[in-house]
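> give the three-dimensional model of this entry:
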Amino acid sequence: MCGYSIFLGKSLSYDKFKQLYLNSNIVDRGGSGDNFDNPKEGCYIGHSLFHVTSKIPVYQPIKSQFGFLLFNGEIYNYTDLAKTNGWLEVDSDTILLSKMIDKYGINKAVSFLYGAISITYYDFKNELLYLYRDAWGQKPLYYNLVDDE
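Residues are numbered from 1 along each chain as shown. Got it, this is the predicted structure:
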């Protein structure tokens, strides 16, 4: 199972974030490699991939002109969603989700999903962070809000 962490704020450096991430138990959830990114000022991401479904590993975050996506889980109906949207070449539920968010927006995109999911999406235009998880609670999603100004 994948694991990821995201930090938004000013009280932590990128190097300190990476050190804390690598010393955490999140890296044990992956197995297919760790990836780090700094997609915007004061935003740090660590992702530990557990590659299962696609032919090639899909390292995260997935970035587009609209935002970035972190995903953990499995979208059970992703094959049907790919066919419905004409994306027959897509063999990854993560890539499919990213394309759906770009096409429909985050709220509508998640309304089509059926599966065990944990989603973190950052909207560049509105500077909003969205957190979603499946209704059954199969995929954990923990967060902590701290005022670090």
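> run through the strands of this protein in chain order.
For the chain, strands defined by DSSP state E occupy the ranges 3-8, 34-40, 43-48, 62-63, 67-75, 115-123, 128-133.
> longest helix in the chain, please.
helix 93-104 (DSSP state H).
> any idea how far that one is from the middle of the chain?
11 Å (Cα atoms, centre = their mean, to the nearest Å).
> now do stretch 138-145
12 Å.
> who touches it?
For stretch 138-145, the external contacting residues (Cβ atoms under 8 Å, 6 or more residues apart in numbering) are 1, 72-73, 116-118, 120, 131-133. Using the backbone N, CA and C atoms, a C-beta is placed for each residue, glycine as well.
> can you pull up the bridge partners for residue 45?
Note on residue 45: beta-bridge partners residue 6, residue 37, judged by DSSP bridges.
> contacting residues around it?
By Cβ under 8 Å, 6+ apart, the contact list for residue 45 reads 4-7, 35-39, 60-61, 68, 70.
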